[in-house]
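> Here is the input, now give the coordinates:
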Amino acid sequence: MPVSQAKLLEGKSLTAPLQEEIRKFAEDCRARGAEVPGLLVLQANQDPSSSWYIGQQEKLAAKLGLVFEKIGPDVIRSQDDLLKQLEYYGTNSKSSKFHGIFVAMPLPAGFNADRVMLALDLKKDVEGVHPASLGLIVLRKANLIPPTAYAAYSLIKASGVALRGKKAAIVGQSAIVGRPLQLLLGDERVTTTVCNSGTSAEDLEKIVSESDIVIGCCGQPRLIKGAWIKPGAVVIDVGTTEVEGKLVGDVEFESASERAAFITPVPGGVGPLTVTMLMRNLIQAYKWQKGL
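Numbers count the residues shown, from 1 in each chain. Below you'll find the model as predicted:
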């Protein structure tokens, strides 16, 4: 295996100060006798990876002194059940202890994801999946940015590379990673090109090879070849796919490491920071609702 030349951008390096800030905020709320920020998880699926992520949320909430509760598939058996929960916890005064709502994805077959997302209370949308959440990013008035996108953006910033005037390739255009990242980097005056399933292999190679920043967020293992990486580039790999019992990203890590200046490992890069960003959003949602 080639020796990595790139500096690793690991999510855990950014989590400690953020988590301490969140913990202190919760502690201060408790000391003042105010409501403590609370997260409600609504899980209709039986997806193992979704359950794992929710488990990480529960552990971190306990560590930071936040309120956490989950309503699972034993209660949410249909789309109507889920919509009723969203209505109750989004508007009913008895539900004030929950300031953030997380809807586990993917939804079971037969559920209408668009209808569910529109039923979310915008001010409690800690995943930033409500259409208005993305719209507020467009207007540069974002309160709740999708955690994975914000984790990737934060790691890019952590590289210390001056972003203005740089070129970025975003490989993948999901509403919770690729599209928000395009907007966030645009605000940094980065010229971004978003590649998708309609981008030819030839064009993909050309775009990546000319980019100072490369973000893989398409969920296709090792699609982005190390040989394409521009020397000195910042490489952020959001993808996590299990291949032969091992988690791999969208980028050929070993060969890309020989050319990049900074790169995120998989696992250990974006992932560890994502759940912390979710809790950061919970605090943002709390402040938004309280007018703080």
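> From residue 172, how far out is residue 235?
Residue 235 sits 14 Å away from residue 172, going by Cβ to Cβ, to the nearest Å. Quick note: C-beta positions are derived from backbone N, CA and C, even for glycine.
> Correction: the previous question concerned residue 275.
For residue 275 relative to residue 172 (Cβ to Cβ), the value is 20 Å.
> any chance you could map the strands in this structure?
7-8, 38-42, 67-71, 100-103, 167-171, 191-195, 213-216, 234-237, 241-243, 246-248, 262-263 (DSSP state E).
> joint contacts of residue 235 and residue 172?
residue 216 (Cβ atoms under 8 Å, 6 or more residues apart in numbering).
> Would you format the strands of the chain as TSV with mean pLDDT, distance to residue 112 and mean neighbour count included?
As requested, those are exported to TSV (pLDDT from 0 to 100; distance: least, Cβ to Cβ, whole Å; neighbours: other Cβ atoms under 10 Å):
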stretch	mean pLDDT	distance to residue 112	mean neighbour count
strand 7-8	96	41	14
strand 38-42	98	15	22
strand 67-71	97	19	17
strand 100-103	97	12	26
strand 167-171	98	28	25
strand 191-195	98	26	18
strand 213-216	98	29	29
strand 234-237	98	32	29
strand 241-243	88	27	11
strand 246-248	89	31	14
strand 262-263	98	39	26
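> Nearest to residue 283 among the ones you listed would be which one?
strand 100-103 (8.9 Å; Cβ to Cβ).
> How about residues contacting stretch 40-59?
39, 68-73, 76-77, 79, 81-82, 85-86, 89, 95, 98, 100-108, 111, 275, 278-279.
> contacting residues around residue 159?
7, 9, 234, 261, 262.
> picking that back up, so which of the strands of the chain gets nearest residue 284?
Per Cβ to Cβ, nearest to residue 284 of those: strand 100-103, 9.0 Å.
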